[in-house]
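Colleague: The sequence and its predicted three-dimensional model are supplied below.
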Amino acid sequence: MIYNVSFLFITNLLFYGGCNEQHDSFFAFGACRSPDSNPPNNPGQNPPTANVTVRITAQGYEPQNVSIPIGGTVTWVNETDTPNWPATARHPTHTEYPGSGIEKCGSPEALTIFDACRGLAKGERYSFMFNDAGEWSYHEHLGVKMFGKITVTS
Ligand SMILES: [Cu+2]
């Protein structure tokens, strides 16, 4: 236990000790880093991710246009009494988003395509992670009267 505490203390000195001194410090290795610009718990090495919820309402998809970084996930939640089947353009083949195609519904690949592959009942959710940058239009497959767009930025 004492060893662990000492180790943490020394580690903190190595990383932060020099930054609090007025002059060069024995403990300062390289440039001092501001905790705000590079917090220890968020090194900034990975691309940002975003999780966005799109409400399915009687008025349509809300919000209708969504922008997320690559790797972001969009979750649709049906708040209406009508089954709703979000799917990538174009109707009826659903092939615009890379790798997608309505013929893959019901196969093991169904989880990898931008296609709910079923009408979501009230309260049901469908999530999809976007790993391809671009502007991806989608529609409601059963009625083809609701439309939306997911913009994925690299
Ligand atoms: Cu369709």
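Modeller: Right, received. Where do you want to start? Residues are numbered from 1 along each chain as shown.
Colleague: From here on, just use CA atoms for contacts and neighbour counts.
Modeller: Fine.
Colleague: Show me where the protein has its helices.
Modeller: Secondary structure of the chain (DSSP state H): helices at 2-16.
Colleague: How about the residues of it by the ion?
Modeller: Within the chain, the positions near the ion by CA under 5 Å from the ion are 91-92, 141.
Colleague: Pull out the buried residues from the residues you listed.
Modeller: For the residues of the chain next to the ion, a neighbour count by 16 or more other CA atoms under 10 Å gives the buried set as 91, 141.
Colleague: Show only the entries of the residues of the chain next to the ion found in strands.
Modeller: Judged by DSSP state E, the residues of the chain next to the ion include no members of strands.
Colleague: Tabulate the residues of the chain next to the ion (JSON lines), appending pLDDT.
Modeller: Formatted as JSON lines, the residues of the chain next to the ion follow (pLDDT from 0 to 100):
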{"residue": "H91", "pLDDT": "98"}
{"residue": "P92", "pLDDT": "98"}
{"residue": "H141", "pLDDT": "98"}
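Colleague: how far away is Q64 from A110?
Modeller: To A110, Q64 is 24 Å away according to CA to CA, to the nearest Å.
Colleague: could you pull out the strands for the chain?
Modeller: 51-57, 60-62, 65-69, 73-78, 86-88, 125-129, 134-140, 147-153.
Colleague: okay, these, which one's buried deepest?
Modeller: strand 86-88 (a mean of 28; mean count of other CA atoms under 10 Å).
Colleague: Do I have it right that T57 meets P83?
Modeller: No. Here T57 does not reach P83: they are 11.2 Å apart, not a contact under CA atoms under 8 Å.
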